[in-house]
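**Student:** My questions concern the predicted model and sequence given below.
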Amino acid sequence: MAMAGAEWKSLEECLEKHLPLPDLQEVKRVLYGKELRKLDLPREAFEAASREDFELQGYAFEAAEEQLRRPRIVHVGLVQNRTPLPADAPVAEQVSALHRRIKAITEVAAMCGVNIICFQEAWTMPFAFCTREKLPWTEFAESAEDGPTTRFCQKLAKNHDMVVVSPILERDSEHGDVLWNTAVVISNSGAVLGKTRKNHIPRVGDFNESTYYMEGNLGHPVFQTQFGRIAVNICYGRHHPLNWLMYSINGAEIIFNPSATIGALSESLWPIEARNAAIANHCFTCAINRVGTEHFPNEFTSGDGKKAHQDFGYFYGSSYVAAPDGSRTPGLSRSQDGLLVAKLNLNLCQQVNDVWNFKMTGRYEMYARELAEAVKPNYRPTIVKE
Ligand SMILES: NC(=O)NCCC(=O)O
């Protein structure tokens, strides 16, 4: 089956080009829950985005007014980007170029009043795990606590009074120098609030990440920020409903899903999974994917009998935000760097919870009991036969 690259800009652009207005409105109602109000972002922000050659979009999710609680408004920023330098450029130069790119995008986010910004998975490097080679890719790993990227993000956070979620390749020197796929959460004060690790490591296609790091060992931490309680479900974790659930059980109101995924594998799943998680868990979810094709110096095979190749496939961007009522923003483009700003009213989480009651009707105790049995080596599935 044909798989579009950069030439197919987005589902939204395609629908808008081809559907008559009344049909378009109905299609948007079904695809996006409802049409969200566009945010009135500052003109200078659009000018800067255009100068820096990235897309800027902004949408608002509304909630009903309450008598006892004031609206709990937070602006989130989702960043998707290409790697500016080729993968065979010197490591330090690639990292610096990415720092410069992210600084420019974060400055525009600040103009738009963003309170919490999240970058894409392993944002300081090409997604080189397909290669199964160690050097030079392991040289991109850094300390989560005081590596150069964390120090860079601390400055961004403090300068812009913004919480920064920075997904990196971590080297943990306190524990045998091992690598992890980690997101560092930096408070708007500039302090490192903590870190969380990718719980599910893919073993699909060219996602050979298990060659580099193990499943995370930090559980499902939720970070209390000045702007709300946040969690980070890194990439492949989005296929695991219980992973989303555990962040929600720990109180997450916004779950970020920084990702790196390609069209041939997951593009039809992408619009469903984070949106479904927002619905199922009465929270907001923010799905972020990188953009473009990354070429590697050496050929690698995919273990499928096909010819060796030097790229992973096409990272299709399409980052979006979904709300607990099932509504969602349109996606950013499939082909361009971008910043998506979303204004959330966190009161919506409890409002939807009170209507749909998934937290109340969830049979967690029954699942816990049954799962505890099911994972035992001598378990026999409950199948009733004639
Ligand atoms: N980065 C990552 O875990 N990708 C796996 C593929 C996918 O989840 O779509």
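**Tutor:** Now that the structure is in, tell me what you want to look at. From a predicted model like this one, the values you see are computed outputs, not experimental measurements. Numbering: from 1, shown residues only.
**Student:** Output the set of residues of the chain in proximity to the ligand.
**Tutor:** Neighbours of the ligand within the chain, by CB under 6 Å from any ligand atom: E121, P202, F207, C235, Y236, S259, A260, T261, L265, S266. Quick note: C-beta positions are derived from backbone N, CA and C, even for glycine.
**Student:** so can I have TSV of the residues you listed showing secondary structure?
**Tutor:** Putting the residues of the chain next to the ligand into TSV (DSSP: H, G, I helix; E, B strand; the rest coil) gives the following:
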residue	secondary structure
E121	coil
P202	coil
F207	strand
C235	helix
Y236	helix
S259	coil
A260	coil
T261	coil
L265	helix
S266	helix
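**Student:** just the residues you listed now: which is nearest R37?
**Tutor:** R37 has its nearest neighbour among these in S259, at 26.5 Å by CB to CB.
**Student:** The residues of the chain next to the ligand: which two are farthest apart?
**Tutor:** Farthest pair in the residues of the chain next to the ligand (CB to CB) is E121 and L265. Separation: 14.4 Å.
**Student:** more neighbours, the two?
**Tutor:** Ranked by neighbour count (other CB atoms under 10 Å), E121 and L265 place E121 first, with 24 against 17.
**Student:** What pLDDT does the model give the more buried one?
**Tutor:** As predicted, E121 sits at a pLDDT of 98.
**Student:** Next up, the contacts around it.
**Tutor:** F127, P167, N181, I234, C235, P258, S259, A260, I288, R290 (CB atoms under 8 Å, 6 or more residues apart in numbering).
**Student:** quick one: which of these sit in strands?
**Tutor:** Assigned to strands by DSSP state E, the following of those qualify: P167, N181, P258, I288.
**Student:** what's the closest of those residues to the ligand?
**Tutor:** N181 (8.0 Å; CB to the nearest ligand atom).
**Student:** And stretch 160-179, what's buried?
**Tutor:** 160, 162-172, 179 (16 or more other CB atoms under 10 Å).
**Student:** per-residue confidence averaged over it?
**Tutor:** If you average the pLDDT over stretch 160-179, you get 98.
**Student:** For that stretch, output the C-alpha coordinates as PDB.
**Tutor:** C-alpha atoms of stretch 160-179 as PDB (Å, rounded to 0.1, in the frame of the first residue of the first chain):
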ATOM      1  CA  HIS A 160      10.100  31.800  30.500                       C
ATOM      2  CA  ASP A 161       8.400  30.800  33.800                       C
ATOM      3  CA  MET A 162       7.500  27.600  32.000                       C
ATOM      4  CA  VAL A 163       7.500  23.900  33.000                       C
ATOM      5  CA  VAL A 164       9.700  22.000  30.500                       C
ATOM      6  CA  VAL A 165       9.200  18.300  29.800                       C
ATOM      7  CA  SER A 166      12.500  17.200  28.200                       C
ATOM      8  CA  PRO A 167      12.600  13.600  26.900                       C
ATOM      9  CA  ILE A 168      16.200  12.500  26.500                       C
ATOM     10  CA  LEU A 169      18.400   9.400  26.300                       C
ATOM     11  CA  GLU A 170      19.600   9.200  29.900                       C
ATOM     12  CA  ARG A 171      22.900   7.800  31.200                       C
ATOM     13  CA  ASP A 172      22.600   6.900  34.800                       C
ATOM     14  CA  SER A 173      26.100   7.100  36.200                       C
ATOM     15  CA  GLU A 174      24.900   6.400  39.800                       C
ATOM     16  CA  HIS A 175      23.700   2.900  38.600                       C
ATOM     17  CA  GLY A 176      26.500   1.400  36.400                       C
ATOM     18  CA  ASP A 177      26.300   4.000  33.700                       C
ATOM     19  CA  VAL A 178      23.300   2.300  32.100                       C
ATOM     20  CA  LEU A 179      21.000   4.000  29.600                       C
END
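**Student:** can you give me how far that stretch is from the chain middle?
**Tutor:** 16 Å (CA atoms, centre = their mean, to the nearest Å).
**Student:** Hmm, M125 is touching A89, no?
**Tutor:** No. M125 lies out of contact with A89 (CB atoms under 8 Å); the separation is 11.3 Å.
**Student:** and those two? which has more neighbours close in?
**Tutor:** A direct count of neighbours by other CB under 10 Å for M125 and A89 places M125 higher, at 23 against 14.
**Student:** isn't there a strand covering the more buried one?
**Tutor:** No. Using three-state DSSP, the assignment for M125 is coil, not a strand.
**Student:** dump the residue contacts of the closest residue to it other than its chain neighbours.
**Tutor:** If the residues on either side of it in the chain are set aside, M125 comes closest to F140, at 3.9 Å by CB to CB, 6 or more residues apart in numbering. Going by CB under 8 Å, 6+ apart, F140 touches V91, Q94, V95, A122, T124, M125, A128, L169.
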